[in-house]
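K.L.:
Coordinates for the following, if possible.
(one chain, ligands or ions: 1)
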Amino acid sequence: MTPDIDLQEKLYIDGAWQRPQNGGVLESIDPSTGKPWTGFAVAGPADINAAVDAANAALRGPWSRFSPAQRANLLRRIGALFENQGEQLAVIESRDNGQLLSDMRNVMRGLAEYWYYYAGIADKLEGRTIPMEDGVLAYTTRVPVGVVGAIVPWNAPLQMVTWKLAPALATGCTMVLKSAEETPVSAYFFARLIEDIGIPPGVVNIVSGLGATAGRHLVAHPGVNKISFTGEHRTAQDIMRGASVNLKRLSFECGGKAPHIIFDDASLPQAMNAATHNAFAYCGQSCALGSRLLVQRGVYEQVVQELARRAERIRVGLPDDPRAQMGPQNSEAQLEKTLGYVDIGKSEGARLLAGGRRLIAPEFANGYFVAPTVFADASNDMRVAQEEIFGPVVCVIPFDTEDEAVEIANHTDYGLTAGLWSQDIGRAHRVAARIEAGTVWVNTYRYVRWAIPYGGFKLSGLGRENGQEGVDAYLQTRSTIINLNGQYPDAYAN
Ligand code: NAD
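P.N.:
Predicted structure coming up:
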């Protein structure tokens, strides 16, 4: 599959490819070269209006007549596309967001399972009957929230498309999805793939465009019933204000600054594997990573030295190089942000043990490559420990007691994920129960699956994706009460 400029310069609205009404086109940059590699359409308000109209027409028209089993069947077909065409999707995704091709292959394989899981749920969205007095039948039905505006970030585009669209289609919603301006291409390839599988026009609309214009317009549009957003919490705050116009339902998956705790009774070789991988996987550009490594004093210096040694050995390379273990940052802005935080960490007095620089060897050309970076002796109040860097930078913080570990872990505005390593089962449960995060991993890390709810406490989000909770976010409950004897007394008879 090769880029199809003609399609990318169009928007997928109402089952057809349409040029933006005011003709906007921008370039998408290849993060490994810093050069444009293709163009993409930029939707304006008129295009968003057209997409929302199409989504409303489909919601009330042909899509409403699809049975749950028919919807399930479509989801299974999309899952099969991820299995059968995963290689092409991985190639596009890797080129557009700079993540390693090998990682993207694994991601595409895993995404098929999300579609199959929600296919299995689509015909099991049951209501309840509620016991009442004789002569009254009360029951609930679960109905789709309606038209969903989905807004996704650049770090994991097709994963975010899947996490939102699969439950939305399972429940009978329709969607206008806006891709991120840094990574618009894979969503279009996805649209091309699903074009011919039998989804009625208008059910899935895919547009690219800028957050400040297309995104905001979608959020404020009265024809949209819900916004499902993944990205920065500051954007979520802006969305919350804009969505008040018709009290849209909201779900947010935002950032993280996860505590990854190593107690001195941990199995150290396993903990080291996890600590290293979950500092630098996806070049540090995943919300779930353990970017605050909390290490108990007894093993602190050993962990710090080993982490620095392993970081120095990570093979940074081009995304399609099978030997590469870490790719570039996604954009120049992200590169500058990461390097800016390296300066901040140094000025705050954290001990730089590895990395901390841009990689400028000839093979990296003008790509956005940064060396895996380790700061030791960070204190939790430093900006590098509190703010989401979203680059390959880990801060190591020492602690003495279990209480202190919990205190440091929770002292953050975020609460998405956390991990802990201990062979003491009592401690593992005790600490897991006290951590303020939507997901806690014990003796593992970043185990994320279709059936397990995922989402944040505090500034890390609102609501949950995946699992049963993933469909709840796209449903509302209707209570129906039926008077079985047909009598209604005259309240004004006397
Ligand atoms: P971002 O908030 O800048 O942008 C995300 C999307 O929102 C883009 O499509 C953008 O165009 C759009 N947008 C921007 N401003 C908008 C506005 N005012 N109104 C409507 N839409 C607007 O985030 P980003 O930099 O693309 O992504 C990185 C962030 O995403 C990080 O904080 C990361 O942790 C988070 N993230 C979270 C998860 C999760 O599951 N919790 C997963 C991936 C990424």
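
K.L.:
In this model A266 seems to touch V295, though I could be wrong.
P.N.:
No - taking contacts as C-beta atoms under 8 Å, V295 lies outside contact range of A266: 9.3 Å. The C-beta positions use only the backbone N, C-alpha and C, and glycine is treated the same way.

K.L.:
Between the two, tell me which one has more neighbours.
P.N.:
When V295 and A266 are compared on other C-beta atoms under 10 Å, the one with more neighbours turns out to be V295, at 27 against 23.

K.L.:
And the residue nearest to G146 when sequence neighbours are not counted, how far from C254?
P.N.:
Using C-beta to C-beta, 6 or more residues apart in numbering and skipping residues adjacent in sequence, the residue nearest G146 is N225, 3.5 Å away. When C-beta to C-beta, to the nearest Å is the yardstick, N225 and C254 sit 21 Å from each other.

K.L.:
where does the stretch 51-200 of the chain dip in pLDDT?
P.N.:
Confidence mapping of the stretch 51-200 of the chain against pLDDT under 70 gives zero matching residues.

K.L.:
ranges for the helices of it?
P.N.:
Per DSSP state H, counting those that start in this stretch, the stretch 51-200 of the chain carries helices over the ranges 68-84, 86-97, 101-122, 157-171, 185-194.

K.L.:
ok, and which of those has the densest surroundings?
P.N.:
Stretch with highest mean neighbour count among those: helix 157-171 (a mean of 26; mean count of other C-beta atoms under 10 Å).

K.L.:
So which elements touch it?
P.N.:
Helix 157-171 sits against helix 68-84, helix 86-97, helix 101-122, strand 147-151, strand 174-179, helix 185-194, strand 226-230, helix 467-472, with contacts defined as 3 or more C-beta pairs under 8 Å, 6 or more residues apart in numbering; DSSP states H and E.

K.L.:
Can you add distance to the ligand and give the ones you listed back as a markdown table?
P.N.:
Shown next, in a markdown table, are those (distance: least, C-beta to the nearest ligand atom, whole Å):
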| stretch | distance to the ligand |
| --- | --- |
| helix 68-84 | 18 |
| helix 86-97 | 10 |
| helix 101-122 | 12 |
| strand 147-151 | 5 |
| strand 174-179 | 6 |
| helix 185-194 | 10 |
| strand 226-230 | 5 |
| helix 467-472 | 12 |
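
K.L.:
Would you convert these into CSV that also reports distance to T213?
P.N.:
CSV is the format used below for the helices and strands packed on helix 157-171 (distance: least, C-beta to C-beta, whole Å):
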stretch, distance to T213
helix 68-84, 29
helix 86-97, 21
helix 101-122, 29
strand 147-151, 12
strand 174-179, 10
helix 185-194, 18
strand 226-230, 16
helix 467-472, 29
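
K.L.:
What does the pLDDT read for T2?
P.N.:
For T2, the model assigns a pLDDT of 56.

K.L.:
same deal with the one 4 residues further on?
P.N.:
Predicted confidence (pLDDT) at D6: the value is 68.

K.L.:
ok, now E363?
P.N.:
88.

K.L.:
The closest residue to G456 other than its chain neighbours and the ligand, how far apart?
P.N.:
Leaving aside its sequence neighbours, G456 sits nearest to L416 (C-beta to C-beta, 6+ apart; 4.2 Å). Here the distance between L416 and the ligand works out to 6 Å (C-beta to the nearest ligand atom, to the nearest Å).
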